[in-house]
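**Q** Sequence and predicted structure are below.
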Amino acid sequence: MSTPTVRTLRTAGVMTVVIDRPEVRNAVDGPTASALAGAFREFAVDDSLNVAILTGARDTFCAGADLTSISPDDPRGPRLDVDGDAPLGLSRMLVGKPVIAAVEGHAVAGGLELALWCDLRVAAENAVFGVFCRRFGVPLMDGGTIRLPRLIGHGRALDLILTGRAVDATEARAIGLVDRVVPRGTALAAAQRLAQELAALPQTCMRSDRLSVYEQWSMDTPSALRNETEHGLRVVASGETVAGAERFRHGEGRHGTRLQQ
């Protein structure tokens, strides 16, 4: 029996998805891509889960596509089609709940694209990002040319995409590529703490606001404003807003303090 290349762990409303191919720096072949997509489809429909974390085994996030499998005759090769799942499996998906990347070591080429797919990125001080596939003529096909400029700006994205240069954690934090930088070896623990914080918040409102953020990219401003309002009205109708206001009236959450759970 073959060893699974993607592992999942469920703890207190959080699913942790681990790419587990350390012998190839967690590079993703076709079966691994399918397993990633399957894991996040499970996450999307499991009402007991509020947040997911994507990470890699043994001090590496992901080195991208497994180039040893890219051959017309290799059944392990990535799926290359404009429809259906992306080459790395999940990067055409928009799940309805937050996903956090916990990055130790390299998140390069397609690994960078997987990190970009996540909502938030927690990086260890030893993290390295970059379009390393530039040197091998391997194109970005998992959202890198879209999500990177949207995240860090057109000019900075082109710098990384055209040169393929390495970006360390300090620079990544400065340009907005990552959201948190933590000591080496603690990225997963920090991501788990952040996930628990998100999981403790009112979920209907948070997911609604998150979805509006993603949807607005394809809309003009009037349409985006209308869409935001429609989402907000559904949240109010759910009763979550009224319940939160009632808790505020009774003194909870004043001056930025956390609500009692």
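**A** Now that the structure is in, tell me what you want to look at.

**Q** Going by C-alpha atoms from here, please, whenever you check contacts or count neighbours.
**A** Noted.

**Q** Tell me which residues are up against stretch 7-20.
**A** Stretch 7-20 has contacts (Cα atoms under 8 Å, 6 or more residues apart in numbering) with 4-6, 26, 32, 36, 39, 43, 48-57, 61-62, 192, 195-196, 199.

**Q** pretty sure residue 224 contacts residue 214?
**A** No: applying Cα atoms under 8 Å as the test, residue 224 and residue 214 come out as separate, 10.2 Å apart.

**Q** Those two: which has the busier surroundings?
**A** Using other Cα atoms under 10 Å as the criterion, residue 224 and residue 214 rank with residue 224 on top: 17 against 10.

**Q** can you confirm the more buried one is in a helix?
**A** Yes: under DSSP: H, G, I helix; E, B strand; the rest coil, residue 224 sits within a helix.

**Q** residues contacting it?
**A** Taking Cα under 8 Å, 6+ apart, we find residue 224 in contact with 212, 215, 216.

**Q** for residue 160, same thing?
**A** Each residue near residue 160 by Cα under 8 Å, 6+ apart is listed here: 130, 131, 166.

**Q** hang on, the earlier thing: which members of the contacts of stretch 7-20 occur in helices, if any?
**A** If you go by DSSP state H, the contacts of stretch 7-20 have 32, 36, 39, 43, 192, 195, 196, 199 in helices.

**Q** residues touching the second one, list them.
**A** If you count contacts by Cα under 8 Å, 6+ apart, residue 36 has them with 6, 17, 19, 88, 89, 90.

**Q** Can you pick out the most distant pair from the residues you listed?
**A** 17 and 88 (14.2 Å; Cα to Cα).

**Q** These two - which one has more neighbours?
**A** A count of neighbours by other Cα under 10 Å puts residue 88 above the other of residue 17 and residue 88, at 30 against 22.

**Q** Quick check: the gap between the more buried one and residue 243.
**A** As judged by Cα to Cα, to the nearest Å, residue 88 and residue 243 stand 41 Å apart.

**Q** again with residue 126
**A** Distance, residue 126 to residue 243, using Cα to Cα: 43 Å.

**Q** Ok, residue 34 next?
**A** Residue 34 is 41 Å from residue 243, where distance means Cα to Cα.

**Q** which of these two has more neighbours?
**A** Between residue 34 and residue 243, residue 34 has the larger neighbour count (other Cα under 10 Å), namely 20 against 13.

**Q** one step back: let me know the closest of the ones in helices among the contacts of stretch 7-20 to residue 176.
**A** residue 195 (19.5 Å).

**Q** Can I get the helix or strand bottoming out on mean pLDDT in the chain in PDB? Just the C-alpha atoms.
**A** Using mean pLDDT, DSSP states H and E, helix 240-249 stands out as the lowest-scoring helix or strand of the chain, at a mean of 90. Extracted in PDB, the C-alpha atoms of helix 240-249 (Å, rounded to 0.1, in the frame of the first residue of the first chain):
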ATOM      1  CA  GLU A 240     -26.100  36.900  14.100                       C
ATOM      2  CA  THR A 241     -25.900  40.700  14.000                       C
ATOM      3  CA  VAL A 242     -28.800  41.200  16.400                       C
ATOM      4  CA  ALA A 243     -27.300  38.600  18.800                       C
ATOM      5  CA  GLY A 244     -23.900  40.400  18.600                       C
ATOM      6  CA  ALA A 245     -25.500  43.800  19.300                       C
ATOM      7  CA  GLU A 246     -27.300  42.300  22.300                       C
ATOM      8  CA  ARG A 247     -24.000  41.000  23.700                       C
ATOM      9  CA  PHE A 248     -22.500  44.500  23.200                       C
ATOM     10  CA  ARG A 249     -25.300  46.100  25.100                       C
END
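
**Q** what packs against it?
**A** The helices and strands touching helix 240-249, judged by 3 or more Cα pairs under 8 Å, 6 or more residues apart in numbering; DSSP states H and E, are helix 203-215.

**Q** All good on my end, thank you.
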